[in-house]
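Colleague: curious how this folds, go ahead:
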Amino acid sequence: MKKKMLGLLFLAIMLVLSACSASDEMSESKNSYDEDMGDMESTNEIATEEAETVMSDSSQTGDSDDSAEVSTEGAVVETTRMIIHQASLSVNVKELDKAQANIEQKVAHYGGYIVESNVYKEDDQTSSGKMVVRIPEKHFEKFLADAEGQAAKVLERNVTGQDVTEQYVDLQSRVKSKRAVEERLLAFMSKAQKTEDLLKISADLAKVQEEIEVMVGKMKYLENQTSFSTVELLMYENKVVVPEIESKELNTWEKTKKQLATSTNSLLATGSALIVFFIGNLPVLFILALIGLGVYWFVRKRLRYVKKS
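Modeller: Below you'll find the model as predicted:
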């Protein structure tokens with residue numbers, strides 16, 4: 001009986017020791033996970049700060065080289081300087097349709113594409129066009145020269161450039177650090193045994209992967225903006241309109257007959273008016289004629305008397 005009691009007591013002690021050992025291992029694993037996560041976050045922050053420091057030093061020293069070198073975790077990454085170019089060009093052209101067709105041919109020749117193309121006609125003498133095109137960065141200056149060659153007169157030319165190298169390098173550094181965090185989380189997930197740990201690691205992993213997707217999207221946007229330059233063209237055409245002479249306006253015979261009929265009608269109307277006036281006023285005219293003869297006879301007689309005297 002005593003031997004059985006001793007055996008049970010020994011078995012209970014062994015079970016307690018095993019449970020404590022398992023608890024210690026889980027606690028150490030959790031602590032290790034937390035420590036590794038903290039180390040990876042610190043590494044991410046340090047890498048980002050190093051990238052910003054290197055780019056800041058490069059800009060302060062006025063380095064005009066075409067590439068920037070960034071040290072990340074002991075490795076040297078060489079990144080080509082990234083510039084977003086934009087241009088606005090306002091010109092007068094002789095023929096708007098011809099100028100637009102030539103611009104479209106140049107865009108296709110350089111491997112670009114048209115974003116917007118519009119034509120506005122205010123009246124018969126004034127018309128204008130607007131084109132927004134994307135041109136590969138390496139052909140940017142050549143395309144501007146060709147576009148100015150289509151102009152009769154350049155009214156305005158504005159070219160701007162935005163350096164996004166620092167922003168792109170910073171995103172590269174962050175993505176690299178986040179990839180390392182993602183790999184460690186996947187490794188922890190494969191070793192985790194408790195449901196609580198799996199849920200926590202899955203939540204952290206989803207957050208890290210979402211941040212990676214956002215940063216990769218920003219990098220692709222910067223790559224697109226720097227690989228293609230945007231050019232906005234405003235073209236104005238002023239026409240001198242010459243009125244056309246219509247054939248019906250040159251019908252001389254019809255115009256002659258019309259004018260003859262008009263003048264004949266005017267003469268007939270005048271003659272008719274005179275006949276009506278004299279015949280209609282004949283009594284009055286007769287009396288006026290008698291009065292006139294009387295006055296004439298009196299004046300003549302008076303003049304004779306003056307001469308005799």
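
Colleague: C-alpha only now, for contacts and for neighbours.
Modeller: Noted.

Colleague: ok, which stretches of the stretch 51-200 of the chain are helices?
Modeller: Under the criterion DSSP state H, counting those that start in this stretch, helices of the stretch 51-200 of the chain are mapped to 96-109, 140-149, 165-191, 195-227.

Colleague: model confidence over the second one, on average?
Modeller: When pLDDT is averaged along helix 140-149, the result is 90.

Colleague: report the angle between that helix and helix 96-109.
Modeller: 160 degrees (axes from the mean of the first three to the mean of the last three C-alpha atoms, to 10 degrees).

Colleague: helices or strands up against helix 140-149?
Modeller: Other elements packing on helix 140-149 under the criterion 3 or more C-alpha pairs under 8 Å, 6 or more residues apart in numbering; DSSP states H and E are helix 96-109.

Colleague: and the helix it packs on, what does it pack against?
Modeller: For helix 96-109, the packing partners by 3+ C-alpha pairs under 8 Å, 6+ apart are strand 113-121, strand 126-136, helix 140-149, strand 228-238.

Colleague: pLDDT value on residue 203, please?
Modeller: Looking at residue 203, the pLDDT reads 89.

Colleague: ok, it to residue 147 distance?
Modeller: To residue 147, residue 203 is 54 Å away according to C-alpha to C-alpha, to the nearest Å.

Colleague: those two: which is more packed in?
Modeller: Each of residue 203 and residue 147 has its neighbours counted (other C-alpha atoms under 10 Å); residue 147 has more, 21 against 11.

Colleague: quick check: closest non-adjacent residue to the more buried one.
Modeller: residue 103 (6.7 Å; C-alpha to C-alpha, 6 or more residues apart in numbering).

Colleague: was I right about that neighbour contacting residue 145?
Modeller: No. If you go by C-alpha atoms under 8 Å, residue 103 and residue 145 don't touch, sitting 11.3 Å apart.

Colleague: more neighbours, the two?
Modeller: residue 103 (19 against 10).

Colleague: measure that one to residue 149 for me?
Modeller: Taking C-alpha to C-alpha, one finds residue 103 at 10 Å from residue 149.

Colleague: also residue 113?
Modeller: Taking C-alpha to C-alpha, one finds residue 113 at 20 Å from residue 149.

Colleague: same deal with residue 172?
Modeller: Taken as C-alpha to C-alpha, the span from residue 172 to residue 149 is 41 Å.

Colleague: picking that back up, more neighbours, residue 113 and residue 149?
Modeller: More neighbours surround residue 113 than the other of residue 113 and residue 149, with 17 against 13 (other C-alpha under 10 Å).
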